[in-house]
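Participant: fold the following for me, if possible:
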Amino acid sequence: MDNIRITKENMDMLRALNSPASPINVRNATSDFSRFYHIDAPFQLTLEYCSGSELDDYINIVTLAPDRSVLYQESATTKNYAHTRDVLHFHDYFEFVIVLKGKIIQKLEGENVTYAAGDGCLLNRSLCHLEHYHSPAVVLFIGLSPDFLTELFAYAQNSPFQNEKEFSDSDFCRFVNADLKNPGKKAYINFRPTHENEQSAAHLHQLAESMIRTLLYPGFGAAHQIRGLFCSFIENLFSPAQYHHALTELDTDSDFLIFTSISHLFEKSAGRMTRAELEQALSYSSDYLNRIVNKYSGMCLFDYSMTFRLKKAAKYLVESKDSISSIAAKLQFSNRTHFYALFKEKYGVTPKEYRKMHL
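Facilitator: Now for the predicted structure:
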């Protein structure tokens, strides 16, 4: 992979080092609305190698953190299918996404942004996003926890070097501190190499290679070395001579936040919350909640809740041996005939046919 030394020849070595505990824990993983990624390490580095976007293509994923390494493979079709369904995610850490080879499309909330080799972005903790692969690519993800960045900033402020102290007033520090002081606002920074920076991708390759080597073969001083590499990486991206960077702040739509809450409640209850229960949980009238749901889904509150109930029914049909009548009763459909009619309208087949198709 060009300057990155993780190749097929040393994949076995990575498997041997593999820790069962990933530094990233995915919560709400089965959600069709949004997923939440939690980091339980100071930082993590992930490399994704995509061979393409056809049915037989794959993505090799290597995640590294102090004393941990996780290697696994995912089909490109599965990942890209999540993109088409808008199954976005957000996390409790700051993330750099840097393209080292090829191109990707990042869905940032509702906007698709293309990044080529040498391009990248920095995402804050509230921004929902998902990457989409449509050709061979190598992408570097760096996750930095708030505690780790706070520690780096403290080192800079107490540095004996004036230039390092001045970095505390950089765009990077302001971006991070803005999110730490006022969490919830969605924002990201785009990076594009300047015209003079023709070797941007090659330089980023070298930094990534040094980070990987330090994490795989930590020796005395490794903790200081990896901090120094992260600082060099950040300083390089925020250098006006090397990169153009542009901050984008998204307005937070309060109605959309309420719609998100409704969706999560329906997902958690399989759509079985009544209007009265929603009113009590969200402290809004059911008429107002109905208008919000219609605004974002085009459906009334009842029909929107029914999509979650039918999704749960489809799950039971595939994963359980319960009778169809039992499933209909469990999900509080008025009768079997009504359940059959609604299910066929949504999935195009009867519950019995759906179960048979997925055996």
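Participant: dihedrals phi and psi, the closest residue in space to Arg192 that isn't next to it in sequence?
Facilitator: Nearest residue to Arg192 in three dimensions, chain neighbours excluded: His244, at 4.8 Å (C-beta to C-beta, 6 or more residues apart in numbering). (C-beta placed from N, C-alpha, C; glycine too.) Main-chain dihedrals, His244, degrees, to the nearest 10: phi -90, psi 130.
Participant: give me the pLDDT value at His244.
Facilitator: Note for His244: predicted pLDDT of 91.
Participant: next: Lys344.
Facilitator: With respect to pLDDT, Lys344 has a value of 91.
Participant: so it is in contact with Lys352, correct?
Facilitator: No - Lys344 is not in contact with Lys352 according to C-beta atoms under 8 Å; the separation is 10.3 Å.
Participant: any stretches of the stretch 1-150 of the chain with poor pLDDT?
Facilitator: Judged by pLDDT under 70, the stretch 1-150 of the chain has its weakly predicted residues at 1-21, 28-34, 78-86.
Participant: let me see the ranges of the strands in it.
Facilitator: Remark: strands assigned in the stretch 1-150 of the chain by DSSP state E, counting those that start in this stretch are 24-27, 34-39, 43-50, 58-65, 68-75, 88-91, 94-101, 103-108, 111-116, 120-123, 129-133, 137-144.
Participant: the lengthiest helix in the chain packs against which elements?
Facilitator: Determined from DSSP state H, the single longest helix within the chain is helix 301-319. Where contact means 3 or more C-beta pairs under 8 Å, 6 or more residues apart in numbering; DSSP states H and E, helix 301-319 is packed against helix 254-269, helix 286-297, helix 324-330, helix 336-347, helix 351-357.
Participant: which residues touch the third one?
Facilitator: If you take C-beta atoms under 8 Å, 6 or more residues apart in numbering as the criterion, helix 324-330 is touched by 313, 316-317, 320, 322, 335-336, 339, 351-352, 355.
Participant: what does stretch 332-340 give?
Facilitator: Against stretch 332-340 from outside (C-beta under 8 Å, 6+ apart): 272, 309, 313, 324-325, 327-328, 331, 342, 350-351.
Participant: now stretch 265-277: buried residues?
Facilitator: The neighbour-count check on stretch 265-277 (16 or more other C-beta atoms under 10 Å) flags 265-267, 269-271, 273 as buried.
Participant: closest one to Cys121 out of those, please.
Facilitator: Ranked by distance to Cys121 (C-beta to C-beta), these are led by Glu267 at 28.3 Å.
Participant: hang on, the closest one packs against Thr307?
Facilitator: No - look at Glu267 against Thr307 with C-beta under 8 Å: they stay out of range, at 10.2 Å.
Participant: any chance you could list what contacts stretch 297-317?
Facilitator: Contacts for stretch 297-317 (C-beta under 8 Å, 6+ apart): 32, 259, 262, 266-267, 269-273, 275, 278, 286, 289-290, 293-294, 322, 324, 327-328, 330-333, 339, 342-343, 346-347, 351, 354-355, 358.
Participant: and if you look at stretch 239-248?
Facilitator: By C-beta under 8 Å, 6+ apart, stretch 239-248 touches 108, 171, 175, 187-194, 196-197, 200, 236-238.
Participant: 7 Å - rerun?
Facilitator: 171, 175, 187-194, 197, 200, 236-238 (C-beta atoms under 7 Å, 6 or more residues apart in numbering).
Participant: ok, stretch 107-119 next?
Facilitator: The contact list for stretch 107-119 (C-beta under 7 Å, 6+ apart) reads 83, 88, 99-106, 127-130, 132, 186, 188, 191-193, 200-201, 204, 250.
Participant: same thing but at 8 Å, please
Facilitator: Identification of contacts with stretch 107-119 by C-beta under 8 Å, 6+ apart yields 83, 86, 88, 97-106, 121, 123, 127-132, 186, 188, 190-193, 197, 200-201, 204, 248, 250.
Participant: what's the burial count for Ile258?
Facilitator: Ile258 sits with 18 neighbouring residues when counted by other C-beta atoms under 10 Å.
Participant: residue contacts, it?
Facilitator: 282, 284, 289, 292.
Participant: same deal with Leu144?
Facilitator: Applying C-beta under 8 Å, 6+ apart, the residues near Leu144 are 42-43, 93-96, 230.
Participant: count of neighbours near Lys311?
Facilitator: 17.
Participant: kindly report the same for Ile324.
Facilitator: 19.
Participant: thinking again about what came up before, show the buried residues in the contacts of stretch 239-248.
Facilitator: Applying 16+ other C-beta under 10 Å to the contacts of stretch 239-248 flags 175, 187-193, 197, 200, 236-238 as buried.
Participant: in those, find the pair that's most separated.
Facilitator: Farthest pair in these, by C-beta to C-beta: Ala187 and Asn197, 24.1 Å.
Participant: next, work out how far apart Ile59 and Ser135 are.
Facilitator: Using C-beta to C-beta, to the nearest Å, one gets 12 Å for the distance from Ile59 to Ser135.
Participant: Ala41 now?
Facilitator: 31 Å.
Participant: neighbour count: these two, which is higher?
Facilitator: Taking other C-beta under 10 Å, Ala41 and Ser135 do not tie; Ala41 has more neighbours (19 against 13).
Participant: correct me, but that one touches Ala65?
Facilitator: Yes - Ala41 lies in contact with Ala65 (C-beta under 8 Å); the separation is 4.0 Å.
Participant: list residues touching both of these two?
Facilitator: Overlap of the contact sets of Ala41 and Ala65 (by C-beta under 8 Å, 6+ apart) consists of Pro23.
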